[in-house]
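Asks: Structure, please.
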Amino acid sequence: STQSTWDLTHLAKSHPPPPPTPEHFVVKFETTKGDILIDVYRDWAPHAAARFYTLVREGFYANTAFFRVVHGTLVQGGINGNPDVDGKWRDARLPDDNATHSNLRGTIALASAGPMTRATQFFINCRDNSRWDSQGVVPFGRARSMGVIDKLNGTYGDSPPRGRGPRQSILHREGNTYLEASFPGLDYVKRALVLP
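Replies: Purely as a prediction, here's the structure:
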């Protein structure tokens, strides 16, 4: 049947085409510390904005930890707490976007470890981090307020060796089970949604 053919075609692809990304949209992170509203602008970074839109609509960020909180520098999240879900997106790397805005306090960007490495992880700049502009860290939006962001639990700080925070390799492998056992004080995105 046509339906079963579509299903097989859909399953053969690792990721369906993303829905059309609006020019501007607002994402609400409902977190354990309160709500964070983020204005996203497609023209700032089209690939990053489209990926973020897709992941929010698919529920990827629900129950994900702010696993790296370095007060006065950044907060980072975006590793799904279910290793199976995380694994489906972890290697779905995006083409690089050209920087049109600087990494100023309140901007959000997908984490980058070099060219063609962005996937799902994001961070919000807690200060002027414009020194990262030339390193492929491209903002795609801005938080409306830093009040909740500045209150996120930073007890564990950076990842080792600079801090006592979670190791990303273990988080990818074990998910939230690892975080709940070893880092019980972390804050989480309980739910993320695109506002109408």
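Asks: Distance check, the nearest residue to A192 once chain neighbours are set aside against G154.
Replies: Once flanking residues are discounted, A192 sits nearest to Y61: 4.0 Å by C-beta to C-beta, 6 or more residues apart in numbering. Heads up, the C-betas are built off the backbone N, CA and C, glycines and all. Separation of Y61 from G154 (C-beta to C-beta, to the nearest Å) stands at 20 Å.
Asks: next one: K33
Replies: With C-beta to C-beta as the criterion, K33 and G154 are 12 Å apart.
Asks: Kindly state the pLDDT recorded for G136?
Replies: With respect to pLDDT, G136 scores 89.
Asks: Where does V75 fall, secondary structure wise?
Replies: According to DSSP states H and E, V75 maps onto strand 74-77.
Asks: From the contact counts, what lies against whichever helix or strand comes after that strand?
Replies: The C-terminal neighbour of strand 74-77 among helices and strands, as given by DSSP H and E, is helix 83-90. Judged by 3 or more C-beta pairs under 8 Å, 6 or more residues apart in numbering; DSSP states H and E, helix 83-90 is in contact with helix 168-174.
Asks: buried sites along the helix or strand following the helix it packs on?
Replies: Downstream of helix 168-174, the first helix or strand assigned by DSSP H and E is helix 176-182. By 16 or more other C-beta atoms under 10 Å, the buried positions in helix 176-182 come out as N176, Y178, L179, S182.
Asks: Could you identify the helix or strand that succeeds helix 176-182?
Replies: Using DSSP H and E, the first helix or strand after helix 176-182 is strand 188-194.
Asks: So which bits of that following strand are buried?
Replies: In terms of neighbour count (16+ other C-beta under 10 Å), strand 188-194 has its buried residues at Y188, V189, A192.
Asks: Touching, the second one and Y61? I think so.
Replies: Meaning V189. Yes: counting by C-beta atoms under 8 Å, V189 does reach Y61; the two are 5.0 Å apart.
Asks: overlap in contacts of those two?
Replies: F29, G77 (C-beta atoms under 8 Å, 6 or more residues apart in numbering).
Asks: returning to what we had before: determine which member of K33 and G154 has the greater number of neighbouring residues.
Replies: Remark: of K33 and G154, G154 carries more neighbours, 22 against 16, as counted by other C-beta atoms under 10 Å.
Asks: residues touching the more buried one, list them.
Replies: By C-beta under 8 Å, 6+ apart, the neighbours of G154 are V69, V70, H71.
Asks: Understood, closing this out.
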